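Q: Mind folding the following:
(one chain, ligands or ions: 2)
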Amino acid sequence: MVVAKAWILKKHFDGFPKTSDFDLKKIELPDLKDGELLLESVFLSVDPYMRPYSRRYMKEGDIMIGTQVARIVESKNPTFAVGAFVVGNKGWRTHFISDGKDLQLLPSNWPESLPKSLALGTVGMPGLTAYFGLLEVCKMKPGETVLVNAAAGAVGSVVGQLAKIGGCKVVGCAGSDDKVAYLKKIGFDEAFNYKTVKSLDEALSKASPDGYDCFFDNVGGEFACVAINQMKKYGRIAVCGAISQYNDSVPQKGPYLQLPMILKELQMEGFIVSRWNHRREEGLQALLKWVVEGKVKYHEQVTEGFENMPVAFMGMLKGENLGKAVVKV
Ligand SMILES: NC(=O)C1=CN([C@@H]2O[C@H](COP(=O)(O)OP(=O)(O)OC[C@H]3O[C@@H](n4cnc5c(N)ncnc54)[C@H](OP(=O)(O)O)[C@@H]3O)[C@@H](O)[C@H]2O)C=CC1
Ligand SMILES: CCCCCC(=O)/C=C/[C@H]1[C@H](O)CC(=O)[C@@H]1CCCCCCC(=O)O
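A: Ligands and ions are numbered 1, 2, ... in the order given. Predicted structure coming up:
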């Protein structure tokens, strides 16, 4: 019999998550029925959305939500071979049983040399978020200037590189000098540390004196308010995330943005990447091709050990990750 380990949300997060909010449990898995598969998680993703979504969609005692790259270890389903790798959405657990309907096989042309963990990052949901957010929400055009925050993270690092591929000038900001150096290395035209600049307003106008056509916002809050005042006329703002607000117990207040929105005739659109699930294959193939060609670089922050899932999650929320934060079981 297989005994799975799983991380439980013991107590709803109040402010920044704490170790005591999580509990590690063991679950005995039954024998497989016909049509079923047994899978073991190989890499698990820790993502910002887990913080706000836990409050909305989970109750205390539930297994933490999340995705994994998993290997099929036993199969009573002729469609799925033992040894194949899939992306699952089964939460923070080491093993699980599935009938295969909710699993996504890795693209069949995935090169052997490419880490399979990228299916949780650059060639997975965060990469698709960058791809569709830039193409469909920002509607970037060659020659435009694109601003992205949390730029050294899973989504932001792909946003900047796709915008360069699309012929744009790219400005990014991140929370450490090492991250800023990384942004320059992967081709950002301008990058700064938002934690150490004297004035965010001045740093943004120095990086692009003419303002910004597109703003891919991963952070929200005060940063977004300052940046929106530096948009060009008819600029587009893709509201992807608001990580500066996810741990707030008390909602932040204004400043309010109606005046720049009206006077500059801006478009601001929130989105969830699953809107383009019908184009998932197109997005994954484009990202995979750019990665294989070396046009999109990646970095992963790999935490070893399933027992360190909460540590990796809290570390990512604190900004300890460069690129995509994943846990290797
Ligand atoms: N709409 C959608 O469908 C999706 C939205 N998202 C959103 O995209 C954003 C980025 O996600 P992802 O790339 O996975 O995560 P990242 O890999 O970028 O990790 C999170 C990063 O956020 C930054 N951060 C944390 N707190 C703050 C803060 N108070 N102010 C500014 N930056 C902060 C940290 O970087 P630093 O050191 O620079 O501060 C940290 O490394 C999130 O807001 C997420 O919710 C992600 C996927 C899909
Ligand atoms: C207020 C929180 C904004 C979070 C933005 C974000 O990070 C979104 C991430 C999605 C990503 O595509 C993978 C997911 O599973 C996240 C969305 C979860 C969707 C639950 C939707 C439930 C519903 O439609 O009601």
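
Q: Any idea what the nearest residue to Tyr212 once chain neighbours are set aside is bridged to?
A: Excluding the flanking residues, the one nearest Tyr212 by CB to CB, 6 or more residues apart in numbering is Leu147, at 4.6 Å. Quick note: C-beta positions are derived from backbone N, CA and C, even for glycine. Beta bridges link Leu147 to Val171, Phe215 when assigned by DSSP bridges.

Q: Could you tell me which residues of the chain lie near ligand 2?
A: By CB under 6 Å from any ligand atom, the residues of the chain that approach ligand 2 are Pro48, Tyr49, Pro52, Tyr53, Met125, Gly241, Ile272, Val273, Ser274.

Q: and the residue nearest to Tyr212, what does it touch?
A: Remark: with contacts taken as CB atoms under 8 Å, 6 or more residues apart in numbering, Leu147 is in contact with Val171, Gly172, Leu204, Ser208, Tyr212, Cys214, Phe215, Phe216, Ala227.

Q: between those residues, which is closest to Gly61?
A: The nearest member of those to Gly61, counting by CB to CB, is Phe216 at 36.4 Å.

Q: quick one: that closest one and Cys138 touch, right?
A: Yes: the pair Phe216 / Cys138 is scored as a contact, 6.1 Å apart, by CB atoms under 8 Å.

Q: the more surrounded of these two?
A: Phe216 (32 against 27; other CB atoms under 10 Å).

Q: Now do that one against Lys328, distance only.
A: 29 Å (CB to CB, to the nearest Å).

Q: Also Lys297?
A: Applying CB to CB to Lys297 and Lys328 gives a distance of 20 Å.

Q: what do you get for Leu128?
A: 22 Å.

Q: Torsion angles phi and psi at Val2?
A: According to degrees, to the nearest 10, the main-chain angles of Val2 amount to phi -90, psi 130.

Q: What are the buried residues along the one helix or strand Gln301 maps to?
A: In the assignment (DSSP states H and E), Gln301 maps to strand 300-304. Buried positions in strand 300-304, judged by neighbour count with 16 or more other CB atoms under 10 Å: Glu300, Gln301, Val302, Thr303.

Q: Ok, stretch 98-110 next?
A: Quick answer for stretch 98-110 (16+ other CB under 10 Å): Ser98, Gly100, Leu103, Leu106, Trp110.

Q: Ligand 2: which of the residues you listed is nearest?
A: Using CB to the nearest ligand atom, Leu103 comes nearest to ligand 2 of these, at 15.4 Å.

Q: In which helix or strand does the closest residue to that closest one other than its chain neighbours reside?
A: Once flanking residues are discounted, Leu103 sits nearest to Val86: 4.2 Å by CB to CB, 6+ apart. If you go by DSSP H and E, Val86 is part of strand 85-88.

Q: and the next element down the chain from that strand?
A: strand 95-98.

Q: Just name whatever secondary elements that next one is in contact with.
A: Applying 3 or more CB pairs under 8 Å, 6 or more residues apart in numbering; DSSP states H and E, one finds that strand 95-98 contacts strand 37-45.

Q: Noted, bye for now.
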